[in-house]
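Structure for the following, please:
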Amino acid sequence: MTRKTVSIMVPCYNEEENVEAITSAIVEQMNQLPQYDYEILMIDNCSTDHTRDLIRLICAKNPKIRAIFNVKNFGQFNSPYYGLCQTSGDCAISVCADFQDPVELIPVFLKYWEEGYQIVCGIKTSSKENKLMYRLRGLYYKMIRKYSAVDQIEQFTGFGLYDKSFLDVLRRLEDPTPFIRGIVAELGGKRKEVPYEQPKRRAGKTHNNLYTLYDAAMLSITSYTKAGMRIAVFGGASLALVSLLIGIYYLIMKLVYWDRFNAGQAPLLIVTLFMFSIILIFMGFLGEYIASINQRVMRRPLVVEEERINFPDSNPKEKSEDE
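Residues are numbered from 1 along each chain as shown. As a prediction, this is how the structure comes out:
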């Protein structure tokens with residue numbers, strides 16, 4: 001009987017302190033599951049440290065470990081998504097290189113997969129990282145879930161198992177800016193959620209910052225909600241009504257107390273500055289939607305490869321959303 005093949009995809013960026021340890025931990029887990037064959041795919045998003053050198057050494061020692069090197073950094077969403085699409089197993093498991101996705105859950109994911117679930121999601125119930133950031137993320141997920149037409153998955157980062165039938169869906173999508181968390185909620189089949197506590201990074205510094213978190217928030221908002229535009233419409237209408245009432249009030253006061261009522265320049269200046277600030281915010285929301293549309297219509301490749309290691313055909317190639 002042919003054994004099923006499990007693909008483990010590990011996205012990397014400047015993880016020289018973790019790549020050897022994470023591959024060893026994954027291999028150890030898979031050696032405890034002899035009923036499965038496995039492959040590990042490391043996709044490096046143009047690291048600037050010694051991550052690539054270490055990956056080459058790892059691949060040389062174990063032919064079941066493959067690697068893809070991108071020619072540049074294509075962002076935190078495109079590279080992992082592309083990596084999942086390049087796996088060849090009966091299912092694929094996405095695991096971060098920093099150990100914040102516990103590899104001990106791999107047997108749990110496989111158990112539920114064998115029970116018929118097409119997708120098994122790891123759901124953070126708590127985190128040993130910054131508690132403030134965890135709570136802010138929780139509020140963000142709740143907002144997206146409330147305003148999205150798709151029932152979004154709270155505290156899901158992409159860590160999970162995906163059946164090959166769902167991977168085929170990912171490969172057919174024509175989306176140059178894929179948001180895997182939303183795609184799973186929108187297009188995924190039978191799903192099981194597995195709770196876990198997110199541990200601290202094993203080593204190194206997180207690559208998330210205010211900009212990357214904002215980028216993730218805007219991508220999900222522009223892809224799955226109309227909240228930004230609705231806020232602009234209703235907020236603008238409300239402010240227009242308030243401005244009209246204030247204008248009527250000042251007109252009445254001036255007509256009744258025309259010789260004593262002196263409005264001065266301060267109220268006019270304050271209202272003007274306030275209105276311009278609101279307009280700029282709404283223009284920013286509109287710009288985010290336009291930028292999202294622009295990225296999609298340009299139909300650029302998800303990533304461009306520089307090198308492949310341990311693939312049957314290890315020649316670099318481009319992968320576009322049309323392939």
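
distance of Asn18 from Ile279?
46 Å (Cβ to Cβ, to the nearest Å). From N, CA and C alone the C-beta is placed, and that goes for glycine too.

hey, where'd the helices end up in the protein?
19-31, 51-61, 75-85, 106-114, 131-147, 164-172, 180-187, 210-224, 227-256, 266-298 (DSSP state H).

Just give me the lowest mean pLDDT stretch among these.
If these are sorted by mean pLDDT, helix 210-224 sits at the bottom with a mean of 62.

Would you check that Pro178 makes contact with Val303?
No: between Pro178 and Val303 there is no contact under Cβ atoms under 8 Å: 11.3 Å.

between Asn18 and Ile279, who's got more neighbours?
For Asn18 versus Ile279, neighbours defined as other Cβ atoms under 10 Å are more numerous around Asn18 (22 against 13).

give me phi/psi at that one?
phi -120, psi -20 (degrees, to the nearest 10).

how about the nearest residue to it, chain neighbours excluded?
Of all residues beyond its chain neighbours, the one nearest Asn18 is Ala97 (4.9 Å), with distances taken as Cβ to Cβ, 6 or more residues apart in numbering.

For the one you found, which residues are in contact?
Val10, Pro11, Cys12, Glu15, Asn18, Val19, Ile22, Met42 (Cβ atoms under 8 Å, 6 or more residues apart in numbering).

Please name the bridge partners of the residue nearest to the last one when sequence neighbours are not counted.
So that's Met42. Distances taken as Cβ to Cβ, 6+ apart put Ala67 closest to Met42, at 4.6 Å, once the chain neighbours are dropped. When assigned by DSSP bridges, Ala67 has beta-bridge partners Met42, Ile309.

Give me the neighbour count for Ala67.
For Ala67, the neighbour count with other Cβ under 10 Å is 23.

ok, now Val303?
27.

just the one 3 residues further on next, same as before
Counted with other Cβ under 10 Å, the burial measure for Glu306 works out to 14 neighbours.

doesn't Phe69 make contact with it?
Yes: contact status for Glu306 versus Phe69: in contact at 4.7 Å, counting by Cβ under 8 Å.

follow-up on the earlier one: for the contacts of Ala97, pick the one with the most neighbours.
That'd be Glu15 among the contacts of Ala97, by other Cβ under 10 Å, with 30 neighbours.

Looks like that one contacts Thr48 (just checking).
No: assessed by Cβ under 8 Å, Glu15 is found out of contact with Thr48, at 11.3 Å.

in stretch 92-109, what counts as buried?
92-103, 105-106, 108-109 (16 or more other Cβ atoms under 10 Å).

who's in contact with the closest residue to Ser126 other than its chain neighbours?
With Cβ to Cβ, 6+ apart as the criterion, Ser126 has its nearest non-adjacent residue at 4.8 Å, and that residue is Glu197. By Cβ under 8 Å, 6+ apart, the contact set of Glu197 is Lys124, Thr125, Ser126, Ser127, Lys128.

Got a ChimeraX select line for the buried ones in the residues you listed?
The buried residues among these can be selected in ChimeraX (16+ other Cβ under 10 Å) with this line:
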select :124,127
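
Let me have the contacts of Glu197 in CSV, extended by distance to Arg3 and pLDDT.
Shown next, in CSV, are the contacts of Glu197 (distance: Cβ to Cβ, whole Å; pLDDT from 0 to 100):
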residue, distance to Arg3, pLDDT
Lys124, 32, 87
Thr125, 33, 84
Ser126, 36, 77
Ser127, 35, 70
Lys128, 36, 69
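
among the contacts of Glu197, which are in strands?
Among those, DSSP state E puts Lys124, Thr125, Ser126, Ser127 in strands.
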